[in-house]
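Peer 1: no sequence for this one, just the structure:
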């Protein structure tokens, strides 16, 4: 049961990252929109959570970078909103 829960988190996170990218590429979600890095952050965190059950160092590293870049993107959006 516990493994299945981690699997669901991993699948949901993967789906969220792919959906954000698809929406970006089809022009429905700009990369400057705060929702784009927020979706990537949520997806990466969900994938990281799933790695607790099925550890994989390369996957963990890419997700840590994904989280860091997403946090940078959110901070950038926040700073731009404060300027305007």
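Peer 2: Ah, there it is. Just so you know, these numbers come straight off a predicted model, no measurement behind them.

Peer 1: Contacts for the strand or helix carrying residue 6, please.
Peer 2: If you go by DSSP states H and E, residue 6 is part of helix 2-25. Here helix 2-25 makes contact (CB atoms under 8 Å, 6 or more residues apart in numbering) with 29-31, 35-36, 39-40, 42-54, 66. The way it works is simple: take the backbone N, C-alpha and C, and place the C-beta from them, glycine included.

Peer 1: let's see it at 6 Å
Peer 2: Helix 2-25 has contacts (CB atoms under 6 Å, 6 or more residues apart in numbering) with 29, 31, 36, 39, 40, 42, 43, 46, 47, 49, 50, 53.

Peer 1: would you list those in TSV and tack on pLDDT, distance to residue 21 and neighbour count?
Peer 2: Converted to TSV, the contacts of helix 2-25 look like this (pLDDT from 0 to 100; distance: CB to CB, whole Å; neighbours: other CB atoms under 10 Å):
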residue	pLDDT	distance to residue 21	neighbour count
29	98	9	17
31	95	10	12
36	98	9	20
39	98	9	21
40	98	8	24
42	98	14	17
43	98	10	25
46	98	15	21
47	98	14	23
49	97	20	16
50	97	19	23
53	95	25	14
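
Peer 1: This completes my enquiry, with thanks.
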